[in-house]
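1. no letters, just coordinates:
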């Protein structure tokens, strides 16, 4: 039987072959995804701070999902962005994703920003997400 015959059997107006809405739940591209952020993602805001350093009126704060505006220096923005990108610290991608979610709230961001050194920044971030040994990247072999 050809497709033409099947289509004629169900009528010319019905090109779904009698399936109606069967499988329509698969059409949602957001299905199974976690909800997005309410405000602009922190990483985008940090990049804007770094990009605006040479402007006459640079951006000096970020806005969290809970609506609080947190002041941010360019140096702290650079350090946080490096931490979120995995350039400093030894977090696995899943741990960095949890950190991104926590930093989107003012309480988490302020906790991490209390750091005075890079080591403190990493330690505060690890404490914020409750990082365990399984969240650390293994040392790469030199062989």
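-> Received, thanks. Nothing here was measured: the structure is a model prediction, and the numbers come from that model.

2. and the helices in this structure?
-> 3-10, 42-51, 74-85, 93-103, 106-113, 118-129 (DSSP state H).

3. any idea how far residue 43 lies from residue 65?
-> Distance of residue 43 to residue 65, given as C-beta to C-beta, to the nearest Å: 13 Å. C-beta coordinates here come from the backbone N, C-alpha and C atoms, glycine included.

4. so who does the residue nearest to residue 76 when sequence neighbours are not counted touch?
-> Excluding its sequence neighbours, the residue lying closest to residue 76 (C-beta to C-beta, 6 or more residues apart in numbering) is residue 113, at 6.2 Å. When contacts are counted by C-beta atoms under 8 Å, 6 or more residues apart in numbering, residue 113 touches 70, 72, 76, 80.

5. try residue 98
-> Shown in contact with residue 98 (C-beta under 8 Å, 6+ apart): residue 129.

6. what distance do you get for it to residue 130?
-> Computed with C-beta to C-beta, the distance linking residue 98 and residue 130 is 9 Å.

7. can you list the weak-confidence ranges in this protein?
-> When residues are selected by pLDDT under 70, those of the chain lie in 1, 6-7, 9-18, 31-33, 140-143.
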